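> The sequence and its predicted three-dimensional model are supplied below.
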Amino acid sequence: MSDVPDPSAMIDLIYSAAFDERLWTDVLAQLADFVGAGPGIFVRKRLHDNQGHAVLSRMDPTAFADYFGYFAQRNPLARGVADHAAGSFLLDWQTLPKQELTRSEYYNDFLRPRDIHGVLGLVVWRDGADAAVISLTRNARQEEFGTEHIERLRPLMPHLRQATRLARRVPPGLMLAESLAAALEAWSEALILVSPEGTVRFANQMAEQILARRDGLTLVARRLGTQDSTTTRRLLSAIARAGQRDAPAVGSTLIVPRKSGPRPYGVFVAPVPERVPFLHHADAAVLLTVVDLAYAPCPEPAVLAAILNLSPAQAGIATMLANGSEPREIAAARGLSLHTVRRHVTDILHRTDTARQADLIRLLVQLSPRTLPSDDGVSRLRAPLTGGPWAGHRLAGQGNGSALLRDGDASGT
């Protein structure tokens, strides 16, 4: 393994994959090369049933088609993910004794026929009961993965996590945008492109409105800042690290306080990848997405009824759930018995292919419109957008799927 390449050489590829889901296959292949692995699998799944989507490298998709729907629920290694936060590394023999793994149905009927014996997992994202995990594999003729392989990959983990967060926010079809302006306006959140010094080059409409408020984020002589010097220094330092060209660029996340209320902005800072031409040609080296943590989107009952095939009564109840109402409060407000409301909630869970009320609420928030309050007091709506590396990668045998597996709110680690 003396010829292991420098991990920093693939950082640009990792961030590029956030914009173009096809590049995750190349990311998996290069990660595997760093540790002498074979096939790689990038899965985003729900931990309660292990159903989800996958991107594969060096593996025939037909060889993975029967994973979701059968083997996913019989995978003894998957249970270990629930106990680990984002940023964790999982060695199969640490998660489960090797003898126990090799006696399992999962090993003998799924792994071994695909010439897989060892697994090294990277938990790159967690949001409650949802997770995104990269699995690198080795065959029985190779040595077991060890801690030395984790150390080779550790410098890349922060970039993988940041790129995964960013991918959840990228609207589908972004690479096909005809212009930079069209690309930015397609974004479902405030987006700002800046130079390494923090000079704003471009901003979409949502970002312009945030900057115009001068509540938390500020713009002076086209240079981005905040309302206190300490946070400004942290922001500009994060931008400089993401925009550096003489060393590997580094993405990061920070909180920007606001004077108007207790909830701040969440700011995600990422380098502009060389492989994304419409961003790179903008003479900007750093991309910022700004999440308003005080914004509580509310789905429209008519939209829920049309998209999720709910009755008007169910759509009304679902809207109240998304707004934070408890079943007892909903019953009182709508003049229904608590039993009736709970029956409706159970039916809604079934219709939306969700297992818990928390999962349902995350789905409902995704279907909420984006409201843009303007200076004239008129709210303008933007349709909710979803995308990311798993969009369009449904595999055979996974059932009807769920919108929970698409992009969601601003949470997640």
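Arrived safely. Residues are numbered from 1 along each chain as shown.
> contacts and neighbour counts: CA atoms only from here.
Fine.
> Check the closest residue to residue 44 other than its chain neighbours and give its pLDDT.
Nearest residue to residue 44, sequence neighbours excluded (CA to CA, 6 or more residues apart in numbering): residue 132, at 4.1 Å. As predicted, residue 132 sits at a pLDDT of 93.
> quick one: low-confidence ranges for the stretch 101-250 of the chain?
169-188 (pLDDT under 70).
> show me where it has strands.
For the stretch 101-250 of the chain, the strands defined by DSSP state E, counting those that start in this stretch occupy 118-127, 130-138, 190-194, 200-203, 217-220, 223-226.
> quick revisit: contacts only, for the residue nearest to residue 44.
42-45, 123-126 (CA atoms under 8 Å, 6 or more residues apart in numbering).
> Residue 111 now?
residue 117.
> ok, back up a step: can you add neighbour count and distance to residue 154 and give the contacts of residue 132 back as CSV?
Rendered in CSV, the data for the contacts of residue 132 read as follows (neighbours: other CA atoms under 10 Å; distance: CA to CA, whole Å):
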residue, neighbour count, distance to residue 154
42, 25, 17
43, 21, 19
44, 25, 20
45, 22, 23
123, 26, 12
124, 26, 11
125, 24, 15
126, 25, 17
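> Apart from its neighbours in sequence, what residue is nearest residue 135?
With CA to CA, 6+ apart as the criterion, residue 135 has its nearest non-adjacent residue at 4.4 Å, and that residue is residue 121.
> The one you found and residue 91 touch, don't they?
Yes: judged on CA atoms under 8 Å, residue 121 makes contact with residue 91 at a distance of 6.4 Å.
> Please tell me how far the closest residue in space to residue 119 that isn't next to it in sequence sits from residue 357.
In space, and not counting its chain neighbours, residue 119 is closest to residue 137: 4.6 Å by CA to CA, 6+ apart. Residue 137 sits 35 Å away from residue 357, taking CA to CA, to the nearest Å as the criterion.
> phi, psi of the residue sitting furthest away from the middle of the chain?
Most distant from the centre of the chain: residue 335, at 39.1 Å, with distances by CA atoms, centre = their mean. When read as degrees, to the nearest 10, the backbone of residue 335 gives phi 70, psi 40.
> Can you show me the helices along the stretch 301-413 of the chain?
301-308, 312-322, 327-334, 338-351, 357-366 (DSSP state H, counting those that start in this stretch).
> just so I know, which of these lies nearest residue 269?
With CA to CA, the closest approach to residue 269 among the helices of the stretch 301-413 of the chain belongs to helix 357-366: 22.6 Å.
> Can you name every helix or strand that the closest one contacts?
helix 312-322 (3 or more CA pairs under 8 Å, 6 or more residues apart in numbering; DSSP states H and E).
> ok, 6 Å please
Using 3 or more CA pairs under 6 Å, 6 or more residues apart in numbering; DSSP states H and E, no helix or strand is in contact with helix 357-366.
> let's have the chain start at 28 instead
That works, and once the first residue is 28, the last one we named lands at helix 384-393.
> Now do it: distance to the chain's middle.
15 Å (CA atoms, centre = their mean, to the nearest Å).
> if we can go back for a sec, the more surrounded of residue 164 and residue 384?
residue 164 (24 against 15; other CA atoms under 10 Å).
> Break the chain into its domains for me.
Domains of the chain are assigned by automatic domain parsing as 34-194, 201-319.
> so how far is the first one off the chain centroid?
Spelled out, it's domain 34-194. Using CA atoms, centre = their mean, the offset of domain 34-194 from its chain centre is 16 Å.
> buried ones in the helix or strand hosting residue 126?
In this assignment (DSSP states H and E), residue 126 forms part of helix 125-130. Within helix 125-130, the residues that qualify as buried are residue 128, counting by 16 or more other CA atoms under 10 Å.
> same check, this time on stretch 113-127
Buried-residue list, stretch 113-127, by 16+ other CA under 10 Å: 113-120.
> do the same with stretch 277-292
Across stretch 277-292, burial judged by 16+ other CA under 10 Å covers 277-279, 282-285, 291-292.
> For stretch 264-272, C-alpha coordinates in CSV please.
Presented in CSV, the C-alpha positions along stretch 264-272 are these (Å, rounded to 0.1, in the frame of the first residue of the first chain):
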residue,chain,number,x,y,z
SER,A,264,-11.9,32.5,8.0
ALA,A,265,-14.3,29.7,6.9
ILE,A,266,-14.6,31.4,3.5
ALA,A,267,-10.8,31.7,3.2
ARG,A,268,-10.3,28.0,4.0
ALA,A,269,-12.9,27.0,1.5
GLY,A,270,-11.4,29.2,-1.2
GLN,A,271,-7.7,28.5,-0.8
ARG,A,272,-5.9,27.3,-3.9
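> quick one: residue 93 is in a helix?
No: going by DSSP: H, G, I helix; E, B strand; the rest coil, the assignment for residue 93 is coil, not a helix.
> For it, grab phi and psi.
phi -90, psi 10.
> Pull the number of nearby residues for it.
So residue 93, with other CA under 10 Å, has 16 neighbours.
> ok, now the one 3 residues further on?
Other residues within reach of residue 96, judged by other CA under 10 Å, total 18.
> what does stretch 223-240 contact?
211-212, 217-221, 244-245, 249-251, 266-267, 270, 312 (CA atoms under 6 Å, 6 or more residues apart in numbering).
> Would you mind listing which of the residues you listed are buried?
211-212, 217-221, 244-245, 251, 266-267, 270, 312.
> ok, which pair from the residues you listed is furthest apart?
212 and 267 (25.0 Å).
> show me the contacts for residue 294.
So residue 294 contacts 280-281, 316-317 (CA under 6 Å, 6+ apart).
> Pull the most distant pair out of those residues.
281 and 316 (10.9 Å).
> what number of residues lie near the closest residue to residue 383 other than its chain neighbours?
Of all residues not flanking residue 383 in the chain, residue 376 sits nearest, at 7.2 Å (CA to CA, 6+ apart). By other CA under 10 Å, 17 other residues sit near residue 376.
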